[in-house]
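Enquirer: Using only what follows, build the 3D model:
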Amino acid sequence: FEGLVEELGSPLDADIGKANYGGFGGYEEHGVRARADEASARLWKQAGWRLLEEHKERPLDYLAVAGHGEAVEDISRSLHPYLAKLPRAVFVASPQQVTIPALRSDVVRQDKLVRQQRQESIAGRVCDTAWSGGNAVLGLAATIEATNAQAIDTLVVAGPFVRSGTICSDCGQLARDRSECSVCGALTFAVDDIVAGVMDATVAAGGKVHQIRVASALDVEGIGA
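Expert: Model (predicted):
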């Protein structure tokens, strides 16, 4: 959460049996492998239930699953359907070598990568939609118009994009620069950051706001929705 890594209980462990099968007959080796698989499946299930309980209390944004090929697949198959529906990121980690501090660092690094990719994706999506004539707008003037119409589902702002503007003292109508409100005729007052007003109005109307902190296609326009 917000770059913090929280452990949900003490680390889980399982006795997967003998790792060296030298001297075992085929049947015995098969039995050892089967018991190891069962122990691993129980381990993944226990971990999955911990995550599920956390998800009920504080809905998870996505899952990051670390391990090697088969183990990652086994873990993924054991997830409760609620968790299986979540977006998932996968990275490599060796249980035999990783330490808790190293795992924390890996998780934080993975989280930064996921969020960077998301920001690039949503900025690209609003630009592509607008450029193709879809249901999107770019630029401050068009975005303010959509804000006043309470028509914004998703607002995207490029970094510290700030512009001055005016707000109606009576009905709250936003504008780039007007002395009187175009809707009710009341006087307006000047603000140094009308973008903040757009963000607040979007949230108040039930929309979502994303502030992009990576270079993207939206940098030229500064804002879109």
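
Enquirer: from here on, contacts and neighbour counts on C-alpha atoms
Expert: Noted.

Enquirer: how close does Val157 sit to Ala130?
Expert: Distance of Val157 to Ala130, given as C-alpha to C-alpha, to the nearest Å: 15 Å.

Enquirer: Mind checking which of these two has more residues around it?
Expert: Taking neighbours as other C-alpha atoms under 10 Å, Val157 and Ala130 compare with Val157 leading, 25 against 16.

Enquirer: The more buried one looks like it's in a strand, true?
Expert: Yes - when DSSP: H, G, I helix; E, B strand; the rest coil is applied, Val157 is found to be in a strand.

Enquirer: Am I right that it is in contact with Val214?
Expert: No - in this structure Val157 lies outside contact range of Val214 using C-alpha atoms under 8 Å: 10.9 Å.

Enquirer: Quick one: the helices in this structure, in order.
Expert: 26-57, 69-77, 81-84, 100-131, 140-148, 194-204 (DSSP state H).

Enquirer: can you tell which of those is closest to Val183?
Expert: helix 140-148 (10.2 Å; C-alpha to C-alpha).

Enquirer: So which bits of the closest one are buried?
Expert: Neighbour counts using 16 or more other C-alpha atoms under 10 Å place Leu140, Thr143, Ile144, Glu145, Ala146, Thr147, Asn148 of helix 140-148 among the buried residues.

Enquirer: per-residue pLDDT, Tyr21?
Expert: Model confidence at Tyr21, given as pLDDT, is 49.

Enquirer: tell me the contacts of Leu187?
Expert: Neighbouring residues of Leu187 by C-alpha atoms under 8 Å, 6 or more residues apart in numbering: Cys168, Ser169, Asp170, Ser179, Glu180, Cys181.

Enquirer: Repeat that for Tyr62.
Expert: Applying C-alpha under 8 Å, 6+ apart, the residues near Tyr62 are Leu86, Pro87, Arg88, Ala89.

Enquirer: Quick one: residues contacting the first one.
Expert: This points to Leu86. Taking C-alpha under 8 Å, 6+ apart as the test, what Leu86 contacts is Leu60, Asp61, Tyr62, Leu63.

Enquirer: follow-up on the earlier one: could the helices of the chain be laid out in TSV, adding mean pLDDT and distance to Phe1?
Expert: Shown next, in TSV, are these (pLDDT from 0 to 100; distance: least, C-alpha to C-alpha, whole Å):
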stretch	mean pLDDT	distance to Phe1
helix 26-57	81	12
helix 69-77	81	22
helix 81-84	90	17
helix 100-131	89	10
helix 140-148	96	30
helix 194-204	95	21
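
Enquirer: Out of those helices, the one nearest Ala93 is which?
Expert: Closest to Ala93 of the helices of the chain is helix 100-131 (C-alpha to C-alpha; 8.1 Å).
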